[in-house]
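K.L.:
have a look at this prediction, sequence included:
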Amino acid sequence: MKTLKYIPLLLLLMACHQQQVKTTIVTDSTKVVTKVSSPVDTNLITQPCAVVIEPSIKLIDKVKKRHQNKEDYNTIVDDNVYYMSQSEHYLDSVKAKKVERDSEGAITFKTLRGQTYVMKLDTIFFGVMLFNGKGKPIMADITDLQADYQKYMKE
């Protein structure tokens, strides 16, 4: 039940971002998950940005099976949705470029010097990956995104 109270906030924050395609997916009879994806190719990142990663249906099912206690699963989702909401709010406040991806496949980052880094997304349930355009991208701590953003993106 706690999860449902954050869904309107999450939907509101996602609705403010431009260039998005929304798909509503019913995961069971009580929950509706809204997935947002970008219509542009996001497999190659060449500019500084934050990659906002949300779970794919495949990963959601895998996590549900691992946590058969529905209350545990709901707590995990509730916490992650809250911290992702806070993270996106912070990214919006600093006007950071955001790329939104499902946790499927991989994403390639190319630095100004031509170095490439391939990062797999298959195991990331919820998360934010930061890329400053100069070095290897990092997986930020969504519980304190501001600190990671300020430290890494200012390098």
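P.N.:
On my side now, so go ahead. Numbering: from 1, shown residues only.
K.L.:
hey, let's count contacts and neighbours off CA atoms from now on
P.N.:
Noted.
K.L.:
buried stuff in the longest helix along the chain?
P.N.:
As assigned by DSSP state H, the longest helix anywhere in the chain is helix 70-93. By neighbour count on 16 or more other Cα atoms under 10 Å, the buried set for helix 70-93 is 73-74, 77-78, 80-88, 91.
K.L.:
ok, now stretch 104-119?
P.N.:
104, 107, 109-111, 116-117, 119.
K.L.:
what does stretch 94-105 give?
P.N.:
98-104.
K.L.:
contacts for it, please.
P.N.:
Outside stretch 94-105, the residues within contact range by Cα atoms under 8 Å, 6 or more residues apart in numbering are 36-38, 42, 48-56, 59, 91, 120-125.
K.L.:
again, only this time at 7 Å
P.N.:
With Cα atoms under 7 Å, 6 or more residues apart in numbering as the test, stretch 94-105 has contacts from 37-38, 42, 49-56, 120-125.
K.L.:
hmm, back to that, relative to the whole chain's centre, how far out is the longest helix of the chain?
P.N.:
Centroid displacement of helix 70-93 relative to its chain, using Cα atoms, centre = their mean, to the nearest Å, is 10 Å.
K.L.:
okay, V118 and N43: tell me how far apart.
P.N.:
To N43, V118 is 10 Å away according to Cα to Cα, to the nearest Å.
K.L.:
now the common contact residues for those two.
P.N.:
Contacts common to V118 and N43, judged by Cα under 7 Å, 6+ apart, are 107-108.
K.L.:
tell me which helix or strand of this structure sits lowest on mean pLDDT?
P.N.:
None of the helices or strands of the chain scores lower by mean pLDDT, DSSP states H and E than strand 21-26, at a mean of 44.
K.L.:
quick one, what contacts K64?
P.N.:
K64 touches Y73, counting by Cα under 7 Å, 6+ apart.
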